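**Q** heads up, no residue letters with this:
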């Protein structure tokens, strides 16, 4: 009685991800894209760059 | 599915919470040091901050991050939640793994900055970087999201979780 739906056999009807998962996935994708663009525009990422003080200015300003 | 005995489960949960909260606190400490290093006019303060950040990174952040990751995996596998059955558990796992990977990769930068800071005449201009502030700030944000996920446990089962639950129900009915 708990499950009024007929037995679907091996074909299990599954529901898609809830809204919070979809929204979070979109936010994560946008952040990853922005990060990739910032890293490419800033000329890479690594300790040498950090030590040179290159991170001291925002990427947009550094690229004029 | 193998579930841990209640006492072992509570012990594992205690270690998981302690390591995760400790990681969060250590990140806040590094963020405070990073802000001090970025803003202080005193060379000695800036140098000491970078040396301290490198020490905290290796001796505190890495062990706590690894402990949090490993105990989290053990905790989910040893409870009915499972590792891949609920979106909130999966999201926690991914965020923790990414945060740990970024931390391990960033140790090289912390080493370099600490070496410059510990030199006989540290170059203040080279140490005037926002990198550590950005990384520790982002880490704090990610860890707060992870904490919120653990507390709120938002609904939603993965397709794998739904199939598994269905199979368990059918097995119970048979």
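**A** Now that the structure is in, tell me what you want to look at. Nothing here was measured: the structure is a model prediction, and the numbers come from that model.
**Q** Could you use CA atoms for every contact and neighbour count after this?
**A** OK.
**Q** Show the pLDDT at residue B:174.
**A** According to the prediction, residue B:174 has pLDDT 77.
**Q** same check, this time on residue B:66
**A** Listed pLDDT for residue B:66 reads 98.
**Q** Chain neighbours aside, what residue packs nearest to it?
**A** Sequence neighbours aside, residue B:100 is the residue nearest to residue B:66 in space, at 7.0 Å (criterion: Cα to Cα, 6 or more residues apart in numbering or on different chains).
**Q** next one: residue B:73
**A** Nearest-residue entry for residue B:73: residue B:83, 6.8 Å, with adjacent residues in sequence omitted and distances by Cα to Cα, 6+ apart.
**Q** Doesn't that neighbour lie inside a strand?
**A** No - with DSSP: H, G, I helix; E, B strand; the rest coil as the criterion, residue B:83 is assigned coil and is not in a strand.
**Q** Quick check: it vs chain A, distance?
**A** 16 Å (Cα to the nearest Cα, to the nearest Å).
**Q** same question, residue B:111
**A** When distance is defined by Cα to the nearest Cα, residue B:111 is 9 Å away from chain A.
**Q** Please, which helix or strand holds that residue?
**A** helix B:87-118 (DSSP states H and E).
**Q** Could you give me the buried positions within that helix?
**A** B:87-93, B:95-97, B:99-100, B:103-104, B:106-107, B:109-114, B:116-117 (16 or more other Cα atoms under 10 Å in any protein chain shown).
**Q** Show me what the mean pLDDT comes to for it.
**A** Rounded to a whole number, the mean pLDDT of helix B:87-118 is 96.
**Q** Summarise which helices and strands the helix or strand just after that helix is packed against.
**A** Of the helices and strands lying after helix B:87-118 in sequence (DSSP H and E), the nearest is helix B:124-127. Judged by 3 or more Cα pairs under 8 Å, 6 or more residues apart in numbering or on different chains; DSSP states H and E, helix B:124-127 is in contact with helix B:43-56, helix B:87-118.
**Q** Low-confidence regions, chain B specifically.
**A** Counting by pLDDT under 70, chain B contains low-confidence residues at B:1-2.
**Q** for it, longest helix please?
**A** Using DSSP state H to define each element, chain B has its longest helix at helix B:6-39.
**Q** Any buried residues in that helix, and which?
**A** The neighbour-count check on helix B:6-39 (16+ other Cα under 10 Å) flags B:9, B:12-13, B:15-17, B:19-24, B:26-28, B:30-38 as buried.
**Q** looking just at contacts, which helices and strands does it meet?
**A** By 3+ Cα pairs under 8 Å, 6+ apart, helix B:6-39 packs against helix B:43-56, helix B:62-77, helix B:131-152.
**Q** Output these in JSON lines, with mean neighbour count appended to each entry.
**A** Conversion of those to JSON lines gives the following (neighbours: other Cα atoms under 10 Å in any protein chain shown):
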{"stretch": "helix B:43-56", "mean neighbour count": "20"}
{"stretch": "helix B:62-77", "mean neighbour count": "20"}
{"stretch": "helix B:131-152", "mean neighbour count": "17"}
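**Q** between these, which one is nearest to residue A:23?
**A** Taking Cα to Cα as the criterion, helix B:131-152 is the member of these that comes nearest to residue A:23, at 14.1 Å.
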